[in-house]
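K.L.:
A predicted structure for the sequence below; I have some questions about it.
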Amino acid sequence: MGLLKHPVIAFLKLIRVENLLIIAFTLYAIGYNFFNLNLRHPFHLNEFLTSLLIISTVLIAAAGYIINDYFDVKTDLINHPETVVIDRVIKRRWAMVLHIVFSSIGLILGVYIALKCHHISLVLFQILAIVLLWFYSTHFKKQLLVGNIVVSLLTASIPLMPLIYNLDGSDSTGKDSNPGIEDIITYHSMVVLMFAGFAFLTSFAREIIKDMEDYKGDIQTGCRTMPIEWGMITSKVFTFFLLVIIVGVLAFVSLKLFQYDKIMQLWYAVGLMILPLLVLMFMVIRANTSRHFKMASLLLKFVMLSGITFMFFL
């Protein structure tokens, strides 16, 4: 256990603080680009509301990680016994209390933001996330592909949130005073949509890699993941072709960057995303131990983080 015996360290491990920072950084990166469009357009989210949206999303995600570990203690004791904190450092009832408190605060903030944006329907983001994360932990993660797709969709929804909050139902006041505003917003929206697609594909690939990493515990606890149902070889091939699709899309983006003489962005895309993905493809095919898949998962997380940072360059 080591440092995990300390309650604070155990709590940070329970909520996956490193993943929460990535979520916060993603939302900030998208919001930052909106703030810097310098357009006289009635965007709903200002800096304050964007900060509240980040807090709301991070709290709901933390609640999701907590409830996942709450229901997954048995499997984790087989796959990662050294990282289990529930029942060892944090009692089960306190984990449930934290889940309820975090989800409730996240939902309340979501309602407030939706009201300030004059579209209460926007709170569906928070409601769906809370419901899906609960059922993911209790049912979906044990079903073939269902859990993988749910997590990937939730991951892809994160970059979409600032876009939808800002553009949903906004009026056209001020457009005539700034010629070309629709083209600029359309371009920005396309970039965000492309990143959401990138987030979905990379998250989907990472979920399958994690299933291969956790094969031993999952098969003993009745899970029906892809490696268990279709076999490790099929899962590797499936993941390999997912990575091929991602590399293909990034290669297309790199070609466009070259055509528009965006050399710094081109080198960034090639060096910090395409090349690591090529290495990852080799790692996935060669992996045959839980540790190998763990390293592949970490490398893919690095690529995802590089993709978020890439938003600033675009």
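P.N.:
Right, received. Where do you want to start?
K.L.:
in the chain, which spans are strands?
P.N.:
In the chain, no strands are defined using DSSP state E.
K.L.:
Low-confidence stretches in it?
P.N.:
Regions of the chain meeting the criterion pLDDT under 70 cover residues 1-3, 33-44, 168-180, 314.
K.L.:
ok, 80 please
P.N.:
Where the chain drops to pLDDT under 80, the residues are 1-5, 31-46, 167-185, 311-314.
K.L.:
Not counting sequence-adjacent ones, nearest residue to Y32?
P.N.:
Excluding the flanking residues, the one nearest Y32 by CB to CB, 6 or more residues apart in numbering is F312, at 7.1 Å. (C-beta placed from N, C-alpha, C; glycine too.)
K.L.:
Near that neighbour, how many other residues are there?
P.N.:
By the criterion of other CB atoms under 10 Å, F312 has 11 neighbours.
K.L.:
Just confirm it contacts Y28, I think it does.
P.N.:
No: counting by CB atoms under 8 Å, F312 does not reach Y28; the two are 10.0 Å apart.
K.L.:
K236 versus N288, what's the distance?
P.N.:
10 Å (CB to CB, to the nearest Å).
K.L.:
The two - which one has more neighbours?
P.N.:
The residue with more neighbours, out of N288 and K236, is K236; 21 against 11, by other CB under 10 Å.
K.L.:
correct me, but the more buried one touches V284?
P.N.:
Yes: counting by CB under 8 Å, V284 is a contact partner of K236 at 5.7 Å.
K.L.:
In the chain, which helix is the longest?
P.N.:
Across the chain, the helix with the greatest residue count (assigned by DSSP state H) is helix 181-213.
K.L.:
which helices and strands does that helix pack with?
P.N.:
For helix 181-213, the elements it packs on are helix 17-35, helix 146-167, helix 226-230, helix 232-259, helix 290-313, judged by 3 or more CB pairs under 8 Å, 6 or more residues apart in numbering; DSSP states H and E.
K.L.:
Mind putting these into CSV with distance to V89?
P.N.:
Listed next are the helices and strands packed on helix 181-213 as CSV, based on distance: least, CB to CB, whole Å:
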stretch, distance to V89
helix 17-35, 15
helix 146-167, 25
helix 226-230, 30
helix 232-259, 33
helix 290-313, 22
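K.L.:
Single out the most deeply packed of these.
P.N.:
Across these, the average number of neighbours (mean count of other CB atoms under 10 Å) peaks for helix 146-167, which reaches a mean of 21.
K.L.:
What is that helix packed up against?
P.N.:
In this structure, helix 146-167 packs against helix 17-35, helix 47-71, helix 124-138, helix 181-213, with contacts taken as 3+ CB pairs under 8 Å, 6+ apart.
K.L.:
Out of those helices, which gets nearest to L300?
P.N.:
Closest of the helices and strands packed on helix 146-167 to L300 is helix 181-213, at 4.7 Å (criterion: CB to CB).
K.L.:
quick revisit: out of the helices and strands packed on helix 146-167, indicate the one that is most buried.
P.N.:
Stretch with highest mean neighbour count among those: helix 47-71 (a mean of 21; mean count of other CB under 10 Å).
K.L.:
Off-centre distance for that helix?
P.N.:
Put simply, helix 47-71 sits 12 Å off its chain's centre (CA atoms, centre = their mean, to the nearest Å).
K.L.:
now the angle from that helix to helix 124-138?
P.N.:
In terms of direction (axes from the mean of the first three to the mean of the last three CA atoms, to 10 degrees), helix 47-71 departs from helix 124-138 by 10 degrees.
K.L.:
relative to helix 146-167, how tilted is the longest helix of the chain?
P.N.:
Using the same axes, to 10 degrees: helix 181-213 against helix 146-167 is 160 degrees.
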